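Q: using only what follows, build the 3D model:
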Amino acid sequence: QVQLVESGGGLVQAGGSVRLSCSTSGGTFSSYAMGWFRQAPGKERDFVVCTWNGITYYGDSRSVKGRFTISIDNAKNTVYLQMNTLKPEDTAVYYCAAGRRVGTRFIGDYWGQGTQVTVSS
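A: Numbering: from 1, shown residues only. As a prediction, this is how the structure comes out:
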C-alpha cells in the first residue's frame with residue numbers, strides 16, 4: 001500500500017508561484033508513474049500532468065503547459081509540482097497520485113488527501 005502526503009498549497013496572488021510536494025511511502029517509488037490532478041469547485045477532477053520513465057505528459061489542461069512543471073526526487077521518494085504565473089482559474093484542490101500510464105491516460109491507483117491552492121486576482 002502506497003501512502004501519499006501533499007504539502008505546499010495555500011493562498012497566492014495571480015502571477016505568483018507555488019511548489020507542491022508529494023512525499024510517498026510504502027511502495028517502490030520508481031515503479032509508479034507519478035502525477036497530479038486538480039478539482040475546482042463544482043467541477044470534476046482533471047488530470048493535469050504526470051511523469052513516467054523521464055517523460056512528461058500533460059492532460060487536457062493544456063493551459064498549464066509552460067507554466068507547470070513536474071519533477072521527481074527518487075532519493076526522497078517525492079514528486080513536485082512547480083506552478084508559475086498562476087491564474088485565478090488555477091484555483092483548485094490539487095491531488096497527487098501514483099499509478100500507471102494506460103494508452104494516453106494516467107490512471108491513479110493511490111491518492112493523496114489533496115491540498116488547496118487558491119489564486120486571488
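Q: tell me where the protein has strands.
A: The residue ranges that make up the strands of the chain, judged by DSSP state E, are 3-7, 10-13, 18-25, 33-39, 45-52, 55-58, 68-73, 78-83, 92-102, 105-111, 115-120.
Q: export those to CSV and tack on mean neighbour count and mean pLDDT?
A: No exception for glycine: its C-beta is placed from N, CA and C like everyone else's. Putting the strands of the chain into CSV (neighbours: other CB atoms under 10 Å; pLDDT from 0 to 100) gives the following:
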stretch, mean neighbour count, mean pLDDT
strand 3-7, 18, 95
strand 10-13, 12, 97
strand 18-25, 19, 96
strand 33-39, 24, 96
strand 45-52, 20, 94
strand 55-58, 14, 92
strand 68-73, 17, 96
strand 78-83, 22, 98
strand 92-102, 20, 95
strand 105-111, 17, 94
strand 115-120, 16, 98
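Q: what's near enough to touch Val119?
A: Listed by CB atoms under 8 Å, 6 or more residues apart in numbering, the contact set of Val119 reads Val12, Gln13, Ala14, Gly16, Leu86, Lys87, Pro88, Glu89, Asp90, Thr91.
Q: mind giving me the ChimeraX command for buried ones among those residues?
A: Taking 16 or more other CB atoms under 10 Å as the burial criterion, the selection of buried members of these in ChimeraX is written as:
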select :12,86,90,91
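Q: spatially central, which residue of this structure would that be?
A: Per CA atoms, centre = their mean, the C-alpha nearest to the average position across the chain is that of Trp36, at 2.4 Å.
Q: residues contacting that one?
A: Trp36 makes contact with Leu20, Cys22, Val48, Val49, Cys50, Ile70, Val79, Leu81, Tyr94, Tyr95, Cys96, Ala97 under the criterion CB under 8 Å, 6+ apart.
Q: CSV please, covering the contacts of Val119 and showing distance to Gly108.
A: Listed next are the contacts of Val119 as CSV, based on distance: CB to CB, whole Å:
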residue, distance to Gly108
Val12, 25
Gln13, 30
Ala14, 28
Gly16, 27
Leu86, 23
Lys87, 24
Pro88, 26
Glu89, 22
Asp90, 20
Thr91, 21
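Q: right, I'll call it a day here.
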